[in-house]
Structures are given as C-alpha cells and as structure tokens.
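# predicted model follows, preceded by the sequence.
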Amino acid sequence: MTNLKKKTVSGLKWSAIERIATQGIQLVVMLILGRMLGPEAFGLIGMLVIFIAIAQIFVDSGFGNALIRKQDREEKDFSTVFYCNIAVSITCYLLIYFGAPYVSDFYNEPELTSLLRVLGINIIINAISLVQRTKLTIDMDFKKLTKSSLISVFISTLVAFSFAFCGFGVWALIAQRLSSVFSNAILIQILVPWRPKERFSKSSFDELFGFSSKLLLTSLIDTIYKNIYQIIIGKLFSSAQVGFFTQAKTLSNTPAMTMTSIIQRVTYPMLSQMQNDTEKLDAAYLLTLRLSAAVIFPLMIGLALISEPLINVVLGQEWSESVPLMIILCIGYMLYPIHAINLNLLQVKGRSDLLLKLEIVKKIIITLILIITIPYGVKAICIGMLAQSYISLLINTYYTGKLSSLSLFKQVRSLVPIWLVCIVIGGFNYFLSLTLSNDIYKILVMLTSSLVLYILYIRICQKDLYENLLNSIVK
C-alpha cells in the first residue's frame, strides 16, 4: 500500500470517528435539550446562526484550502495566514457587538442583543487555532483532530446540561457553543504547539489570496443562502416556527453534513496530491462519488422513514410540526456529500473562479425558488430546498464533466441505481410501518428491514462497492 493510500485510509477512519462520534453526541444532546427547552429557545439561536457563520467565513477567507492546495508552502505562509485570521476575527466581533441591537430590532426580540454579543466571542477563540487545524489536515493527521473534538464535545455537553438543569433556558445553548470552541482551541494548542515564527508577508498574502479570494466569495454566498431560511422564517413567522424548522434541519442535515465533512477533509488533500495525474484523479473521483452515495443515500432515506416515530419518542408531540419538514429535507440533503465532492474537484483543478460562478448561478435559482415558495409557508420553503438540491447536482456534475473525462451522464448514471433502490426500499418499509402502532417497534422494524434489503442489493448488484466498503471497515 502506497504512503498516500495509507494516509487516506487512516485519515478516512479517524475523520469518520471524529465526525460521527461528535455529531452523534451533539445530536443526542440537542434532542434532550430540545425536550427541556422547547422550540422557542432553538428558534432564538437559529436566528443568530447566520451572523456567526458569515463571520467565520471571513476569518478563514479560504486561506485554509489555499494552504492545503499549495505544494511548496513555507513557514511565512502559515504565519501570514495566522495574522490575517486574528485581525479579521477581531474586526468581525466588533461589528457583531455594535450591530447586535439592530439584529434584535429586526426580529423584534430584545433578548437577541446580549445573546449575539456573547455568542460572537466564539469567532476570536476559533481563529487562534485555525492554522494548527490546517497543518493537521495537510498532514492528514486526523487522529489529533479527533481527540480534541471528542474531549471538547464531552466538556460542552456537561456545561450545557448544567446550565439547562439550573434553569438558564436559551443560555444553555450559548454556554454549550462557547465551551466547545474554547476547550477545542486549548486542546489543539496542546497537541500542536505552533506559534508564528515570521512576520506578515505581503507576497505570501497576495499569492494565497489570489486563490482563496474566490473561495471566500463562494463560501460567503453559500453560507448566506444556507442560513437565509432562518432569517425569512424568523421575520415572517414566529420564533417557534424557526425552532421547528431548525430542529428538522438539524436532524436531517447532521448525518449529511457529517458525511460531507468526512469526505471533504480526507478527499481534498488526497485528490490534490493526484492533480497532475488526470486518469488516476478521475478514477478516484468517480469511486468516491459512488462510495459516498452507497453510504449516505440509504442513511438519509432511513432517517426520513423513522422521522415521525423518532420525533414522537425523543422530543414529544410538542415538536410534531417538525416531522413533514424533516422528511422533505432528508430527501434533499442526501445529495450534499455529492455536491461536496463535485466542488472538491473544481478546487483541485484550480478553478476557484468557476466555483464562484457556479455558486452565483445556483443562488439566483434559489432566490427564484424562495420568491415562489415563501407565500405558501414553511413546508413549501422546504420543498423548494429539495428542488434546488437536485438542480444543483445537475449543474455541478455538468461542469466537473467539462474538466474531466467523466461526463454529466456518466456521473449521474453511476448514482441513479443506488438512489432508485433506496427509494423503492423506503417505500416498501413505509407501507410496512402502517401495520404497526407502537413507535419504537416502527423504528426497529423499518430500520432492520431496510438495512437487510439494502445490504443484499449492494452485495449482489454493486460488488465492487461492497468490497471497498468492507475493506474500509475491516482496515
């Protein structure tokens, strides 16, 4: 096994452990807190997420990916990026601090001012360890990232429950986020004791920003549109409706985004090291697409299947309005890891300019869909999100096909059989669930039946995927 392949397999394993464990724990914690705090608390946080997310995009500014892609990176590059991260983070926090009252007025929620000012501290704390995390990603040393993430999740969980049991309400969610970022930053500093050794280099900045600037704009546009739904729902509807939507979105996108994060973190540095071997790059890209689909498609359909009994059992009837939203979003989010791999290939090819253009086109489409769906309520907005996900797949695969030997038809053809089988198995198990009345029995029967049928399909009809997945698990 080559050194790159060993690093990739090890990186995939540790990245999977880190993402699945941390996201799994956080999801369980969110469900418990959801039952304790109710939809309104989650709605208030949902209204603020976009401001923190936008600030984080500016802090990173695409420099992390620029460093990963650069083959001849030097110490001055890392030092320059560190200084930029810190300067931008302080600037962003000041803007958030003084802009918080205006956010509160926009939503007509006075409590948001203090919530946003405290939550914004995360921006500065996170900036301190961005370079160290990038260095670990370059080395594909996801074991250390896993250690820091798991420990910080356990700490933040204890803090959140302590605040919730003491009656602090929505502040339990703020305390959870702050303690997670703070403990993670300290652990990263301990595991990777790096300090900037050189001064700010304008030449280094110009070179890195030449690539990262387009990623910055792309990420900024993408982040705004990913979180714009909470703004619209918060402004036009109630905080409770934001809570229902936020919980449905969290439950449906956690597995999708977890898989996306695992795939992106491992495949980007892997594909970057293959960028000069087109045939090898295309083969690795197509296999990654199919493997991702083989894992995420059944996972998302299974989650959609059990959404009603799951919410009834874990959150209670108070959250029942989240059920139809969750089902719709699951079907849309099942394509997100595929989007991530498409965009990774564009970055590896150095086409951050095309990446930006694609994001602009897709966001124009999303805007049109939003204009059409907003008058019909939150459920219609979710259906619009589903539609734009599938439209985006066609756009992404068309352009990645232009930059490789893999046409749109060839990429879609490799995914459609898995998608169709998952839909058919999901439909069969839905009708099977109608014969059951107990929610726990529904969950167990549907998941068991779906898993058995799907494994049989993969084993018989997709033998190469079965062997690859089995080898990855065994190793």
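In hand now; what should we look at?

# going forward, measure contacts and count neighbours with C-alpha atoms only.
Fine.

# residues in contact with the residue nearest to Phe297 when sequence neighbours are not counted?
Distances taken as Cα to Cα, 6 or more residues apart in numbering place Met334 nearest to Phe297, at 5.6 Å, with adjacent residues excluded. By Cα atoms under 8 Å, 6 or more residues apart in numbering, Met334 lies in contact with 256, 296-297, 300-301.

# now distance to Tyr457, pLDDT and neighbour count too, for those, in CSV please.
What follows is those, written out as CSV (distance: Cα to Cα, whole Å; pLDDT from 0 to 100; neighbours: other Cα atoms under 10 Å):
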residue, distance to Tyr457, pLDDT, neighbour count
Ala256, 22, 78, 23
Ile296, 15, 87, 23
Phe297, 13, 90, 24
Met300, 17, 91, 23
Ile301, 15, 92, 23
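
# inside helices: which ones of the residues you listed?
Among those, the ones falling in helices (DSSP state H) are 256, 296-297, 300-301.

# quick check, nearest of these to Ile54?
Ala256 (20.8 Å; Cα to Cα).

# and the ones in helices among the contacts of Met334, which is closest to Ile121?
Relative to Ile121, the closest of the ones in helices among the contacts of Met334 is Ala256; by Cα to Cα it sits at 27.7 Å.

# doesn't Pro337 make contact with the closest one?
Yes. Using Cα atoms under 8 Å, Ala256 is in contact with Pro337, at 6.6 Å.

# name the residues contacting each of those two.
Ile296.

# ok, Lys379 - contacts?
Contacts for Lys379 (Cα under 8 Å, 6+ apart) come out as 324-325.

# which of the three states applies to it?
helix (DSSP: H, G, I helix; E, B strand; the rest coil).

# please tell me how far it sits from Ile425.
25 Å (Cα to Cα, to the nearest Å).

# now stretch 246-255, how far from the centre of its chain.
Distance of stretch 246-255 from its chain centroid, counting by Cα atoms, centre = their mean, to the nearest Å, is 10 Å.

# now stretch 354-369
Mean-position distance between stretch 354-369 and its chain equals 19 Å (Cα atoms, centre = their mean).

# tell me which residues of it come out buried.
Counting neighbours by 16 or more other Cα atoms under 10 Å, one finds that the buried residues in stretch 354-369 are 354-356, 358-360, 362-363, 366, 369.

# in PDB, list the C-alpha atoms belonging to that stretch.
Taking C-alpha atoms only, stretch 354-369 is exported to PDB below (Å, rounded to 0.1, in the frame of the first residue of the first chain):
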ATOM      1  CA  LEU A 354     -15.600  28.600 -11.900                       C
ATOM      2  CA  LEU A 355     -16.700  27.600  -8.400                       C
ATOM      3  CA  LEU A 356     -17.700  31.200  -7.700                       C
ATOM      4  CA  LYS A 357     -19.600  31.500 -11.000                       C
ATOM      5  CA  LEU A 358     -21.500  28.300 -10.300                       C
ATOM      6  CA  GLU A 359     -22.400  29.400  -6.800                       C
ATOM      7  CA  ILE A 360     -23.800  32.700  -8.200                       C
ATOM      8  CA  VAL A 361     -25.900  30.800 -10.800                       C
ATOM      9  CA  LYS A 362     -27.200  28.400  -8.200                       C
ATOM     10  CA  LYS A 363     -28.100  31.200  -5.700                       C
ATOM     11  CA  ILE A 364     -30.000  33.000  -8.400                       C
ATOM     12  CA  ILE A 365     -32.100  29.800  -8.800                       C
ATOM     13  CA  ILE A 366     -32.500  29.500  -5.000                       C
ATOM     14  CA  THR A 367     -33.700  33.100  -4.900                       C
ATOM     15  CA  LEU A 368     -36.300  32.500  -7.600                       C
ATOM     16  CA  ILE A 369     -37.500  29.400  -5.800                       C
END
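
# show me where the stretch 51-200 of the chain has its helices.
Using DSSP state H, counting those that start in this stretch, the helices of the stretch 51-200 of the chain run over residues 63-69, 75-107, 112-119, 121-128, 130-138, 142-165, 171-191.

# mean confidence score for the fourth one?
The average pLDDT within helix 121-128 is 90.

# residues in contact with that helix?
Residues from elsewhere that reach helix 121-128 (Cα under 8 Å, 6+ apart): 52, 55-56, 59-60, 82, 85-86, 89-90, 92-93, 177-178, 181-182, 185.
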